[in-house]
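**Student:** would you be able to build a 3D model of this:
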Amino acid sequence: MRHSILGAVLSLSFSIQSAATTLDEALAQAYLTNPQLHMGVSSIQTANTATADAISQAWPQVTATAGWNAKNDLSSNDRTSQSTSLSLGLSQLLFDGGRYGHHLNALRSETRSQQHRLVDTEQTVLLNAVAAFMNVLREELVVSLAESNVEILTEQLNATRSRFEFGALPRTDVSLTEARLASVTAELELHRGSLLNSHEIYRAVVGSPPLNLVPPQRIPDLPSTVVEAEDIALRNHPRISVARQNIAAAEAGARRDNLNRLPIVSANVSQSVRRGHMESSDLSAGISATITLFDGGKARSQRKRSMTNVAARRSELLMATALTRQSIRIAYSNWEVANASLEAIEQQIAAAQLALDGVRVEYGLGARSTLDVLNAEQELRTARVNHARASRDVFVAAFTVLAEMGQLTAQNLNLDVEPHRVDVR
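**Tutor:** Numbering: from 1, shown residues only. Purely as a prediction, here's the structure:
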C-alpha cells in the first residue's frame with residue numbers, strides 16, 4: 001500500500017524530456033565522480049604497497065658492487081697501477097621466530113579495514129546523493145505550488161476588486177486578499193531561494209547540475225520488522241567490519257611483538273673478483289644469528305603497548321555494535337513515522353479540499369466571508385507543501401535504513417558502474 005501511495009505521490013506534473021535524469025543515473029554519476037571515493041581507493045592502494053614491501057623481505061636480497069681504482073706512486077718511477085673489482089652478495093632470512101608472518105597478517109588486516117572504510121564512504125556518498133536528488137524534487141514541487149497559489153490569488157484579487165467597485169464587498173476584503181497575495185509572493189521567493197540552494201548542493205554531491213529529474217516511483221524493499229533490519233545491520237554494516245579488521249590487525253601485531261626475544265637467523269653468500277696488479281677471487285658463505293640480550297625494557301614495553309592496543313580495538317567493536325544497533329532502530333523508526341505522516345497528510349489534503357469547496361459554495365450564498373475562503377485556501381496550500389516534504393522524507397528515510405543495514409552500495413543497487421574495488425595482496 002505504501003509503495004502505491006508513494007508512486008501516486010511523486011508522479012509530478014513535470015514534462016519529461018530526452019535529457020531527463022533518473023535517481024539511478026544520479027547515483028551512478030556521484031559514485032564515479034566523488035573525490036572521497038577516489039581518496040578511499042588511493043588509501044587501499046597505499047596499504048597494499050606497504051604489504052608488498054613486507055612480502056619482499058621474505059625473498060633473497062641480491063646486491064652487486066663494481067669498482068675501478070687508479071694509483072700513482074709519486075716516490076718512484078713506476079707507472080700508474082689500475083685495478084677493477086666486482087662483488088656479488090646474497091642474503092636470505094632463515095628464521096625470525098614467526099614475526100614476519102604475523103607482521104604480514106597485520107598489514108593485510110589493515111588493508112581490509114581500509115576496504116570496509118571505502119564501503120562506508122560509498123554509503124555516505126550515495127545517501128547524500130539521494131537526499132540531494134529528493135531535495136531538488138521537493139523544492140521544485142513547492143515552487144510550482146507557490147507559483148500556482150500566486151496565480152490563483154492574483155485572479156481572486158482582481159475578482160474581489162471588481163466586486164468592491166460594484167459595492168458588493170467592503171474595502172476590508174480587498175485588503176485581506178492583497179495581504180494574503182503579498183504573503184504568498186514572499187513565500188514564493190523564499191522557495192525559489194531554497195531551490196537554488198538545493199541545485200548547488202546537488203551539483204556538489206553528484207558532480208553536475210540537476211536536469212529534469214525524474215521522480216522515483218518506488219522505495220527500496222526493506223525488512224518488515226526492525227528486528228530483521230537490526231540482524232542484517234549487525235552482519236553487514238561496514239563500521240562493524242572495520243572494527244573487526246582492526247582487532248585482527250592489533251592481535252597480529254601483539255603476536256609479532258611477543259616474539260621479539262627470539263633470535264633472527266640469516267644466511268649470507270658473497271663472491272668477489274679483483275683484477276689489476278694483484279688478482280684475487282674470493283667466495284664466502286656463512287650463517288649469522290642475532291639475539292637481543294638487553295634492551296632496557298623496550299621489548300617488554302612493546303608487548304604491553306600491543307596488548308593495550310588489542311583491548312582498545314575490542315572496545316571499539318563494542319562501541320560500533322552499539323552504535324549500529326541504535327542507528328538502525330532510529331532510522332527504521334523515522335521511516336515508519338514518515339510513512340504514517342504521509343498517510344495522515346493525504347487525509348488532510350482530502351479534508352482540506354472538501355472544506356474549501358464547501359466554504360466557496362457558502363461564500364457564494366453569503367454565509368461565509370472572504371477571510372474564511374482565504375483561510376481555507378491557506379489550509380490546503382499548507383497541506384500540499386507538507387505533502388511534498390513528507391514524500392521526500394519517506395524516500396530519504398528508506399534509503400537511510402538501507403545504509404544502516406550496510407546495503408546502500410552500488411552493487412546492491414545494481415548501478416551501471418564499475419565498482420571501486422582493490423584486492424588485498
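**Student:** ends of stretch 251-270, how far apart?
**Tutor:** 38 Å (CA to CA, to the nearest Å).
**Student:** residues of it that come out buried?
**Tutor:** 251-260, 264-266, 270 (16 or more other CB atoms under 10 Å). Every C-beta, even on glycine, is put in place using the N, C-alpha and C of the backbone.
**Student:** now do stretch 232-252
**Tutor:** 232-234, 236-252.
**Student:** one more: stretch 342-357?
**Tutor:** 342, 345-346, 348-349, 352, 356.
**Student:** what residues does that stretch touch?
**Tutor:** The contact list for stretch 342-357 (CB atoms under 8 Å, 6 or more residues apart in numbering) reads 5-6, 9, 373, 376-377, 379-380, 383-384, 386-387, 390-391, 393-394.
**Student:** just the buried subset of those, please.
**Tutor:** In the contacts of stretch 342-357, burial by neighbour count holds for 6, 9, 373, 376-377, 379-380, 383-384, 386-387, 390-391, 393-394, counting by 16+ other CB under 10 Å.
**Student:** could you list which of those residues belong to helices?
**Tutor:** Counting by DSSP state H, these place 6, 9, 373, 376-377, 379-380, 383-384, 386-387, 390-391, 393-394 in helices.
**Student:** and the least confident of these?
**Tutor:** pLDDT is lowest at residue 9 among these; the value there is 39.
**Student:** where does the stretch 251-400 of the chain have low pLDDT?
**Tutor:** Applying pLDDT under 70 to the stretch 251-400 of the chain picks out residues 276-277.
**Student:** which residues in it form strands?
**Tutor:** Assigned by DSSP state E, counting those that start in this stretch, the strands in the stretch 251-400 of the chain fall at 264-275, 280-290.
**Student:** now do the longest one: which elements does it pack against?
**Tutor:** Helices and strands in packing contact with strand 264-275 are listed as strand 81-95, strand 280-290; criterion 3 or more CB pairs under 8 Å, 6 or more residues apart in numbering; DSSP states H and E.
**Student:** and the ones you listed, which is most packed in?
**Tutor:** A comparison of the helices and strands packed on strand 264-275 by mean neighbour count, using mean count of other CB atoms under 10 Å, puts strand 81-95 on top with a mean of 14.
**Student:** tell me what it is packed against?
**Tutor:** So strand 81-95, by 3+ CB pairs under 8 Å, 6+ apart, packs with strand 61-71, strand 264-275.
**Student:** of all these, which one comes closest to residue 304?
**Tutor:** strand 264-275 (21.9 Å; CB to CB).
**Student:** quick one: the closest one to strand 61-71, angle?
**Tutor:** 30 degrees (axes from the mean of the first three to the mean of the last three CA atoms, to 10 degrees).
**Student:** circling back: looking at the buried ones among the contacts of stretch 342-357, which is nearest residue 313?
**Tutor:** Nearest to residue 313 among the buried ones among the contacts of stretch 342-357 is residue 393, at 37.1 Å by CB to CB.
**Student:** could you find the closest non-adjacent residue to that closest one?
**Tutor:** residue 338 (4.4 Å; CB to CB, 6 or more residues apart in numbering).
**Student:** tell me how many other residues surround that neighbour.
**Tutor:** When neighbours are defined as other CB atoms under 10 Å, residue 338 has 21 of them.
**Student:** so it makes contact with residue 399?
**Tutor:** No: Residue 338 is not in contact with residue 399 according to CB atoms under 8 Å; the separation is 11.5 Å.
**Student:** show the contacting residues for the closest residue in space to residue 407 that isn't next to it in sequence.
**Tutor:** Spatial nearest neighbour of residue 407, chain neighbours left out: residue 236 (6.4 Å); criterion: CB to CB, 6+ apart. Each residue near residue 236 by CB under 8 Å, 6+ apart is listed here: 405-407.
**Student:** among these, who's most crowded?
**Tutor:** Going by other CB under 10 Å, residue 405 tops these with 27 neighbours.
**Student:** who's in contact with that residue?
**Tutor:** Contacts of residue 405 by CB under 8 Å, 6+ apart are 223, 229, 232-233, 236-237, 328.
**Student:** I'd like the residues you listed written out as JSON lines, with secondary structure and distance to residue 281 added.
**Tutor:** Below are the contacts of residue 405 laid out as JSON lines (DSSP: H, G, I helix; E, B strand; the rest coil; distance: CB to CB, whole Å):
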{"residue": "223", "secondary structure": "coil", "distance to residue 281": "77"}
{"residue": "229", "secondary structure": "helix", "distance to residue 281": "76"}
{"residue": "232", "secondary structure": "helix", "distance to residue 281": "71"}
{"residue": "233", "secondary structure": "helix", "distance to residue 281": "70"}
{"residue": "236", "secondary structure": "helix", "distance to residue 281": "65"}
{"residue": "237", "secondary structure": "coil", "distance to residue 281": "65"}
{"residue": "328", "secondary structure": "helix", "distance to residue 281": "73"}
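**Student:** now the two most distant members of those residues.
**Tutor:** 223 and 237 (14.2 Å).
**Student:** I'd assumed residue 105 was in contact with residue 248.
**Tutor:** Yes: using CB under 8 Å, residue 248 makes contact with residue 105 at a distance of 7.5 Å.
**Student:** tally of neighbours for residue 218?
**Tutor:** 13.
**Student:** distance check, it against residue 387.
**Tutor:** Distance, residue 218 to residue 387, by CB to CB, to the nearest Å: 18 Å.
**Student:** next: residue 420.
**Tutor:** 38 Å.
**Student:** again, but for residue 185
**Tutor:** Counting by CB to CB, the gap from residue 185 to residue 387 is 21 Å.
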